[in-house]
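how would this look folded up:
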Amino acid sequence: MNLSDIAAGLERGTLAPYLGPGLLSLCSGATPPADPLALAAVLTAKVSVPGKIKNRLTAAAQFIENFKHRQTLVKGMNEACAIQATPSPLHRWLAALNTPLIVDTWYDDTMRSALAPRSDWAEVQGLSQSEHFGTWTGWYDAAGAPLPDAADTTTVLYKPWGGHAPAGNYLVSDSDFVEVLTEIDIQTPIPALVQQRRAALGFVFLGCRFNDQLPRAFARQVMKRSAGPHFAVLPDEPTRMEARFLAEQGITRIDLSLADVAAALCGAALPA
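Sure, this is the predicted structure:
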């Protein structure tokens, strides 16, 4: 399958975008931290954290939560993610597709901003059990108001790790992820509507890396029982664990830069 076929699948709604923090590299101007290392650096710039965990986002977040309180962690995340990136042409193209599902695994508001001209979409975010014990997800309408659910909406924006807007929900500390990963094999934290819609979809991974256990674990569970096929834009040589993950999940690697793929999907010609 070539890029024109992938574009056609996204336009038809048989393929769904699965976005990672790397998509921020396509945005012009200022952006919030665009990878776990950069986000950890912002969080630990204002709170002293032991050197051995300073560059490990989830461990640093756990230390802040344990010794400075959860509110300090949430405040730090809100400040780090408050920068509003200008949506790239790819964000805007994806937002115009009326796709049934968009998965976004970073905390920024960029995809939400791209969807803002529409009113027929809703967002569902993962919730930290330390703040919302027993409730795994929160639904919001296009204006950011809480919803009980969104069964009739055209597009669902699913942010399994939470997000800055509209309510500062974040899965970021070790304990946040332990709680979810304990249940995710039986799919409890994944909204029923997401499970329903993915059954007819394949996923196109854009701006994602799988060189850490967390993104692999979430991708594996979100993809479970989906129709396929699946594709991942991964220009850099995969690590051993990434290559193994791609093979076991039947994900076809697209060995092109994200910028080139974005240009092609948005209708421009690939550079020679």
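
Validate this expectation: residue 209 resides in a strand.
No - Residue 209 is assigned coil when assessed by DSSP: H, G, I helix; E, B strand; the rest coil, not a strand.

what sits against it?
Going by CB atoms under 8 Å, 6 or more residues apart in numbering, residue 209 touches 20, 22, 215, 234, 242. Any C-beta I mention is one placed from the backbone N, CA and C, and that applies to glycine too.

got a winner among these for most neighbours?
residue 20 (23 neighbours; other CB atoms under 10 Å).

Does that one touch residue 215 like I think?
Yes - here residue 20 reaches residue 215: they are 7.0 Å apart, a contact under CB atoms under 8 Å.

Overlap of the contact sets of the two?
105, 208-209.

gap between the residue nearest in space to the middle of the chain and residue 22?
With distances taken as CA atoms, centre = their mean, the chain has residue 105 as the residue nearest its mean C-alpha position (1.3 Å). According to CB to CB, to the nearest Å, residue 105 and residue 22 sit 10 Å apart.

Common neighbours of these two, please.
By CB under 8 Å, 6+ apart, the residues touching both residue 105 and residue 22 are residue 208.

The residue nearest to the centre of the chain is in contact with residue 161, isn't it?
Yes - shown here, residue 105 and residue 161 form a contact pair, counting by CB under 8 Å, at 5.7 Å.

shared neighbours of these two, which are they?
With CB under 8 Å, 6+ apart, residue 105 and residue 161 have common neighbours residue 218.

tell me the strands in the stretch 1-150 of the chain, going along the chain?
15-19, 101-104, 121-126, 137-141, 146-147 (DSSP state E, counting those that start in this stretch).

strands paired with the first one, and their directions?
It stands for strand 15-19. Strand 15-19 has its sheet partners listed here by DSSP bridges as strand 101-104 (parallel), strand 202-206 (parallel).

Please name whichever of those strands is nearest to residue 154.
Shortest distance between residue 154 and these, using CB to CB, is found for strand 101-104: 10.4 Å.

Done for today, thanks.
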